[in-house]
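Colleague: Just a sequence and a predicted model for now, questions to come.
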Amino acid sequence: ATDLRGLAGEIAEGIRHLNDRPLALFGHSMGAVVAFETALRLRETGVRVSHVFASAARAPQLPGVPIGDGGPLDQDAVAEALIALGGTDAQALADPMLRELILPYVCADLIMLDAYVHRPGSRLDCPVTAIVGDADQQVGAAHADAWAEVTSGPFRRRTVSGDHFYLTPRPPFALIGEALSPLSTRA
């Protein structure tokens, strides 16, 4: 994928047939912005999203964190940034074959996210829960709280233990279940 809104449109098209049940979207890091845009696209087609979970992500209207020196993405800078975020094993990225397999996709995602421009006035009408790790060096409470500005529905921030990739050792299943529990009585 090279266009974040285009990707969101493809996802929305692929899941819009699920409109006969409560539909919640969970996105982590860049995926949270993809979930936001997907929810907007679904709403345009008449599909109601019941909840959006934005995990370890700055709100879509906030500027991203630059990687490298602002020039073309350097795979070494991307690898260093991934290691610093805490979600990638340094030994794994030292393996040339694994780097060759992983880094082109990560770089493409970063380029796609960097090219994304939030459309002012784009707002959801469903609940949004922003989840942030208490040791995340890229996304803090203020970045997570800004998600409240892109929904007219209820907003809640939840802080969990961990860094940017808190969900790898401790997926937030209970938190999500708690937020969605009222939906199960409506289904």
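Modeller: Yep, it's here.
Colleague: Other residues contacting stretch 92-105?
Modeller: Counting by C-beta atoms under 8 Å, 6 or more residues apart in numbering, stretch 92-105 makes contact with 75, 78, 79, 82, 83, all of which sit outside it. C-beta: built from backbone N, CA, C; applies to glycine.
Colleague: now with 10 Å?
Modeller: Contacts to stretch 92-105, defined as C-beta atoms under 10 Å, 6 or more residues apart in numbering, come from residues 1, 73, 75-76, 78-80, 82-83, 88-89, 91, 106.
Colleague: What about the residues you listed, which are in helices?
Modeller: Under the assignment DSSP state H, the contacts of stretch 92-105 contribute 75, 76, 78, 79, 80, 82, 83, 91, 106 to helices.
Colleague: which residue of this structure sits farthest from its center?
Modeller: Relative to the average C-alpha location in the chain, and by C-alpha atoms, centre = their mean, no residue lies farther out than residue 96, which sits at 27.9 Å.
Colleague: How much space separates that one from residue 3?
Modeller: As defined by C-beta to C-beta, to the nearest Å, residue 96 lies at a distance of 30 Å from residue 3.
Colleague: With residue 118 instead?
Modeller: For residue 118, the distance to residue 3 under the criterion C-beta to C-beta works out to 14 Å.
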